[in-house]
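Asks: Structure of the sequence below:
(chains A and B)
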Amino acid sequence: MTDIVKAFITGGIICVIAQLLTDYTGITPARIMVLFVVAGVVLGILGIYPAIVEFGSAGATIPLTGFGNTLAKGVIKAVNETGLAGVLTGGVRAASAGITSAITFGYIMAIVSRPKLK
Amino acid sequence: MSMKVTKHEYQHLVKETMPSSRVLRNVLAAFVTGGLICALAQVFFMGLEGLGVDEETAYMLTTVIMIFLGALLTGLNIYDKIGKFGGAGASIPVTGFSNSIVSPAMEYKREGYVMGVGARMFVIAGPVLVYGIFASVVAGLIYYIWTQVM
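Replies: Alright, predicted model coming up:
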C-alpha cells in the first residue's frame, strides 16, 4: 500500500512542477514535455534520478522524466559493455519497447477511431 | 486610449492579474491527475512483480501498458477530458505522450495515411524523441570520456 502512496506523491509532484512551469512561464506543454525528457536524461546520467525511482518506483518511471532516465540508464549500460559504440546504441535500445509500443498502439488507435465532431 | 505592450510586458500583466486561486486549482488538479495515473501504474508494476517478472522487465511492461491505455482512452475521446482537467498531470505521464501521438493522427486522418496519420503522429512525439535521444548521445559521450580518464 505504501508503495502506491509513494508512487502517487512522486508522480504528483513531478506533474506539479510541470504545471507551475506552464502557469508561471507560459512555456507550451510540448516544450515542457521536451524539457522533462532532457531533464530526465541529465538527472539519470548524474545518478540522481535512479534515487528518485528507488523511492517512487512507477511514480518516477511513468512521467516523461522517467523516459529520459531510461535513455540515460541504457547509454551507461551500453558504454560499459561495448565502449564508444554504446553511445549510439544504448539509449534507443533501452527505450525501444516504449517507442515501438507508442508507435504501434498509436497507429492502430488512430486508424480505428474517429475524432469527436466539434 | 491605446496601449502598446510588448510580449514580455503582456506576460507580466497576465502573471499579475491571473488569480492565484486558478493557479492553485491547476496545481491541485495536476497533482491528483498525475498522482492517480502513477498510482495505477504502480498497481500494474506490483502485479507484474507478483507474477515473478524481474524488476527491469516489470517497469518496461508497466510503461507499455500505460502507453496502451493512453492510446485507447484517446481513441475513445476520453483522454482529452482528463487533459482538460489535469493539465500537466495528464500530459507529463507517458499516457500523455501516447495521447500526443494518437490525437493529431486521428485529427489529420483525412490528409491521408502517409502525410496525415504517419507524419502527424510525431508533431509532439518527434521533438520529444529528437531531444531525448540526442541528449542521451551527449550524455553517453561525456560518460565514455569520463570512464577513459578515470
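
Asks: Helices along chain B, start to end?
Replies: B:7-17, B:20-50, B:55-75, B:79-86, B:88-91, B:94-107, B:119-120, B:122-149 (DSSP state H).

Asks: and the angle from the helix or strand hosting residue A:88 to helix B:55-75?
Replies: Assigned by DSSP states H and E, residue A:88 belongs to helix A:86-112. Helix A:86-112 and helix B:55-75 meet at an angle of 30 degrees, taking axes from the mean of the first three to the mean of the last three CA atoms, to 10 degrees as the criterion.

Asks: re earlier: out of the helices of chain B, deepest packed?
Replies: Counting by mean count of other CB atoms under 10 Å in any protein chain shown, helix B:88-91 has the highest mean neighbour count of these, with a mean of 30. Every residue, glycine included, has its C-beta placed from N, CA and C.

Asks: Just give me how far that helix sits from the chain centre.
Replies: 6 Å (CA atoms, centre = their mean, to the nearest Å).

Asks: can it be found next to chain A?
Replies: Yes: judged by CB under 8 Å from any CB of the partner chain, helix B:88-91 and chain A are in contact via B:88, B:89, B:91.

Asks: what's the second one in contact with, if anything?
Replies: Taking CB atoms under 8 Å, 6 or more residues apart in numbering or on different chains as the contact definition, residue B:89 lies against A:12, A:15, A:16, A:19, B:29, B:30, B:31, B:32, B:33, B:34, B:35, B:37.

Asks: Using JSON lines, lay out these together with distance to residue A:46.
Replies: Putting these into JSON lines (distance: CB to CB, whole Å) gives the following:
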{"residue": "A:12", "distance to residue A:46": "23"}
{"residue": "A:15", "distance to residue A:46": "22"}
{"residue": "A:16", "distance to residue A:46": "22"}
{"residue": "A:19", "distance to residue A:46": "24"}
{"residue": "B:29", "distance to residue A:46": "31"}
{"residue": "B:30", "distance to residue A:46": "25"}
{"residue": "B:31", "distance to residue A:46": "26"}
{"residue": "B:32", "distance to residue A:46": "30"}
{"residue": "B:33", "distance to residue A:46": "28"}
{"residue": "B:34", "distance to residue A:46": "23"}
{"residue": "B:35", "distance to residue A:46": "25"}
{"residue": "B:37", "distance to residue A:46": "26"}
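
Asks: Closest one of these to residue B:147?
Replies: residue A:15 (34.6 Å; CB to CB).

Asks: Can you verify my assumption that that closest one contacts residue B:88?
Replies: Yes: the pair residue A:15 and residue B:88 qualifies as a contact (CB atoms under 8 Å) at a distance of 5.1 Å.

Asks: list the residues that contact both of the two?
Replies: With CB under 8 Å, 6+ apart as the test, residue A:15 and residue B:88 both reach B:30, B:34.

Asks: so which of the helices of chain B comes closest to residue A:87?
Replies: Nearest to residue A:87, of those and by CB to CB, is helix B:122-149 at 3.7 Å.

Asks: where does chain B dip in pLDDT?
Replies: Scanning chain B for pLDDT under 70 picks out the ranges B:1-4, B:13-19.

Asks: can you do 90?
Replies: B:1-22, B:150 (pLDDT under 90).

Asks: In chain A, where is pLDDT below threshold?
Replies: By pLDDT under 90, the low-scoring segments of chain A are A:1, A:114-118.

Asks: Please enumerate the helices of it.
Replies: Going by DSSP H, chain A shows helices at A:2-25, A:29-45, A:49-56, A:58-61, A:64-82, A:86-112.

Asks: buried residues in the fifth one?
Replies: This means helix A:64-82. By neighbour count on 16 or more other CB atoms under 10 Å in any protein chain shown, the buried set for helix A:64-82 is A:64-76, A:78-79.

Asks: filter the residues you listed down to the ones close to chain B.
Replies: Okay, of the buried residues of helix A:64-82 touching chain B (CB under 8 Å from any CB), that's A:64, A:65, A:66, A:67, A:68, A:71, A:72, A:74, A:75, A:76, A:78, A:79.

Asks: Dump these into CSV; add distance to residue B:122 as well.
Replies: Formatted as CSV, those follow (distance: CB to CB, whole Å):
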residue, distance to residue B:122
A:64, 15
A:65, 20
A:66, 20
A:67, 15
A:68, 18
A:71, 17
A:72, 22
A:74, 21
A:75, 22
A:76, 27
A:78, 25
A:79, 28
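
Asks: Fine by me, thanks again.
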